[in-house]
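Asks: for reference, the sequence and a predicted model appear below.
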Amino acid sequence: MPSTAPLTPPSAPGLEARSESSPAGSDPERALLRHLVDAVSDPLLFTGPEGKILMANARARELLVASEGASEGRRRAVELNQQLFHTALVSAATGGASPVRRRDLSLLDPMEGTDLLFELDCTPVQEPGSPPGRVCVLRNVTDLGRATRALGESYRRLRASEQEARSERLRLDLVLDSVADPIILTDPSGGTVLMNDPAERLFAASHDSGEATRRRAHTNDAHLSSFLSHLLSPGGMRRWRGELTLVEPSTGAPLPMEAVATQVLSDQGEPTSIVTLLHDRTEAREKARLLEQLTTASNELEAKVHTATAELAEQNEKLRRQALQLEQASAAKSQFLANMSHEFRTPLNAILGYTSMLLQGVNGEMTPQQKRNLGRIDSNGRHLLQVINEILDITRIEAGRMPLNETDFMLPELIQEVMAEMDPIIARTKLAVSTSLEPELPELHSDRQKVKQIVLNLLSNALKFTHEGSVQVIAAYELATSTVTISVKDTGIGIAPEHQEKIFEDFQQVDSSPTRAYGGTGLGLSICRRLAAMMGGRVTVQSGLSQGSNFTLHLPRRMRRP
């Protein structure tokens, strides 16, 4: 195995010393030989068995020998080249005289610092009486390598371009096939080059599709050729648009087509192909027909609308006049009811007054039968007075003449008064009537008389529609909303959900038949809701058939006028 000791190539003076020790007759030949070797452009070297450089030409010394005055960069480049050269010899040789054939070796240009690629070719030599050595030639293949790499890159790009072209063609085919309209590409002579699937169904019938289908496809092709003749003739137009009537090959149904053909020109302006796009006009024609029918119907409808508008205007005028008459009649009714209510109350108060005096024994003692009769007169008279008062209240509210008297009052005292006034009625029932007042209820600022009237009405209704069980009056205060709630909860007959809004309308009751079990005008709850709204509150109900009712008056702590 050759030695791995550092290379110590001989310098030029060493070679000259060897020449001086040689016979005088051979000096010219050696000098000529040295000039010839130095003239070779490829580096030439003669190495010993251990890889030591014994002789090198000028090109080899540029790569592997550094003079004493060389720069540090050149020295390092030369040392690296020596190591690379020695490594190539050691790794390739299997014996002292083994050849190294065509092995690539990368070295540095000590002057430029660029990479150089050489092909190393070493041949063993044996001189009589001398140890074996090697003659090594370094052929510069840098340009060849670059050319090879460039060729490989060009080949790779060519393959990539081919692959991209195939991909583009595939994408083009997919795009063309995805278009619903037929597309045909023909050459300048009219021969078909490419067509998408919709076009194939019209112009390229298969052999097993039947004689009639193939004949229709050929007919379509003939019509297309006739259409393209406008572009194929010398001096023809570059773009042509027109109507083309084809048939469906499988069924023979007519297909009205709009055809657009365009020439594709080369850079020199020569026609290279013709692209034809066909668009089915069947749907467009059907839409046009429907549009015409729609236009006719629209005109007829417009005429009817004009007539109906005139009639409607006439009806509106009649309704306006009727509404004015109704408004006048309603005002007259309200005025009449207000007047009649006063007229009714004057004699009725007298009747109730005289009845009360008779019951008190002003004219002497009466028999039990007389007392019962006077009691009935008094009860019915008071009921009639309540009805008259309700009618008077609703007319005053509708006319906007219901006054509000704002005062500060305590709610427990008001509820106590209500319970005291209703005590005779409560005593005649078998109900458990109670109150539940939240502690420390705040003082209210509202119309005390209106609040009392609402609570009286709600409690009276609860007693009327509850045959057994209980009635409870509950008062509470909601701090978050600054709202007072007064609820009258009973266990009476209840109200179905679909009737819970009806009971708040004027003159409305759940049972409004002449044979209804409960009397009344149907104004009580309507008055309650309107009075509550005047004070900035509201009345709500929660009820169900046979589940009792819970009427609640919601009032702000300080009255807010609507």
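Replies: Okay, I see it.

Asks: okay, now Pro128: neighbour count?
Replies: Applying other CB atoms under 10 Å, we find 4 other residues in the vicinity of Pro128. In short, each C-beta sits where N, CA and C put it, glycine included.

Asks: any idea how far Thr481 is from it?
Replies: Computed as CB to CB, to the nearest Å, the Pro128 to Thr481 distance reads 128 Å.

Asks: how far away is Glu168 from Ser161?
Replies: Taken as CB to CB, the span from Glu168 to Ser161 is 10 Å.

Asks: whoops, I mixed them up, Gln268
Replies: 23 Å.

Asks: show me the shaky parts of the stretch 51-200 of the chain.
Replies: Per-residue confidence for the stretch 51-200 of the chain (pLDDT under 70) gives these ranges: 92-101, 129, 172-173, 175-177.

Asks: now the helices for it?
Replies: Along the stretch 51-200 of the chain, counting by DSSP state H, counting those that start in this stretch, helices occupy 58-64, 72-92, 142-178, 197-203.

Asks: tabulate the CA atom coordinates of the last one in CSV.
Replies: Extracted in CSV, the C-alpha atoms of helix 197-203 (Å, rounded to 0.1, in the frame of the first residue of the first chain):
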residue,chain,number,x,y,z
ASP,A,197,-68.1,15.2,-25.2
PRO,A,198,-71.2,17.2,-26.0
ALA,A,199,-69.9,17.7,-29.6
GLU,A,200,-69.1,14.0,-30.0
ARG,A,201,-72.7,13.2,-29.1
LEU,A,202,-73.8,15.3,-32.1
PHE,A,203,-71.1,14.7,-34.7
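
Asks: verify the contact between Glu478 and Leu441 for me.
Replies: No - here Glu478 lies out of contact with Leu441, judged by CB atoms under 8 Å, at a distance of 11.4 Å.

Asks: relative to the whole chain's centre, how far out is the helix or strand encompassing Met419?
Replies: Using DSSP states H and E, Met419 falls within helix 411-421. Computed by CA atoms, centre = their mean, to the nearest Å, the chain-centroid distance of helix 411-421 equals 62 Å.

Asks: what packs against the next helix or strand after that helix?
Replies: Per DSSP H and E, the first helix or strand lying C-terminal to helix 411-421 is helix 423-427. Applying 3 or more CB pairs under 8 Å, 6 or more residues apart in numbering; DSSP states H and E, one finds that helix 423-427 contacts helix 448-464.

Asks: list the buried residues of the helix it packs on.
Replies: Neighbour counts over helix 448-464 (16 or more other CB atoms under 10 Å) mark 448, 450-464 as buried.

Asks: kindly report the same for stretch 551-560.
Replies: Buried residues in stretch 551-560, defined by neighbour count with 16+ other CB under 10 Å: Phe551, Thr552, Leu553, His554, Leu555, Pro556, Arg557, Met559.

Asks: got the contact list for it?
Replies: Contacts to stretch 551-560, defined as CB atoms under 8 Å, 6 or more residues apart in numbering, come from residues 404, 406, 442, 444-447, 451, 454-455, 458, 461-462, 477, 482-488, 528, 532, 535-542.

Asks: averaged pLDDT, the top helix by length along the chain. What do you get?
Replies: The longest helix of the chain (DSSP state H) is helix 282-359. Here helix 282-359 scores 82 as its mean pLDDT.

Asks: still on that earlier bit, more neighbours, Gln268 and Ser161?
Replies: Set Gln268 next to Ser161 and count neighbours by other CB under 10 Å: Ser161 wins out with 10 against 6.

Asks: measure that one to Arg76 for me?
Replies: Ser161 sits at a distance of 44 Å from Arg76 (criterion: CB to CB).

Asks: hang on, the earlier thing: other SSEs contacting the helix holding Met419?
Replies: If you count contacts as 3+ CB pairs under 8 Å, 6+ apart, helix 411-421 packs onto strand 432-437, helix 448-464, strand 470-478, strand 483-490.

Asks: of these, which approaches Val135 most closely?
Replies: strand 470-478 (116.1 Å; CB to CB).

Asks: re the thing from before, Asp187: which of the buried residues of stretch 551-560 is nearest?
Replies: Nearest to Asp187, judged by CB to CB, of the buried residues of stretch 551-560 is His554 at 90.0 Å.

Asks: element containing that closest one?
Replies: Taking DSSP H and E as the criterion, His554 maps to strand 549-556.

Asks: in the sheet, which strands lie alongside that strand, parallel or antiparallel?
Replies: Note on strand 549-556: by DSSP bridges, its sheet partners are strand 483-490 (antiparallel), strand 538-543 (antiparallel).

Asks: could you list the residues in contact with the first one?
Replies: Right, the one you point to is strand 483-490. 411, 415, 441-442, 444, 451, 455, 458-459, 461-463, 465-466, 469-478, 548-557.

Asks: which residues touch Leu84?
Replies: Contacts of Leu84 by CB under 8 Å, 6+ apart are Leu105, Ser106, Leu107.

Asks: how far away is the closest residue in space to the second one that isn't next to it in sequence from Ala56?
Replies: Yep, that's Ser106 we're talking about. Of all residues not flanking Ser106 in the chain, Leu117 sits nearest, at 5.7 Å (CB to CB, 6 or more residues apart in numbering). Separation of Leu117 from Ala56 (CB to CB): 19 Å.

Asks: ditto for Gly375
Replies: According to CB to CB, Gly375 stands 154 Å off from Ala56.

Asks: these two - which one has more neighbours?
Replies: Higher neighbour count among Gly375 and Ala56: Ala56, with 25 against 12, using other CB under 10 Å.

Asks: chain neighbours aside, what residue packs nearest to the more buried one?
Replies: Spatial nearest neighbour of Ala56, excluding adjacent residues (CB to CB, 6+ apart): Leu45 at 4.8 Å.

Asks: okay, now that neighbour: neighbour count?
Replies: By other CB under 10 Å, 26 other residues sit near Leu45.

Asks: who is it paired with across the strands?
Replies: On the basis of DSSP bridges, Leu45 is bridged to Ala56, Cys136.

Asks: that one and Ile53 touch, don't they?
Replies: Yes - if you go by CB under 8 Å, Leu45 and Ile53 touch, sitting 5.5 Å apart.

Asks: mutual contacts of these two, please.
Replies: Counting by CB under 8 Å, 6+ apart, the contacts common to Leu45 and Ile53 are Ala60, Leu64.
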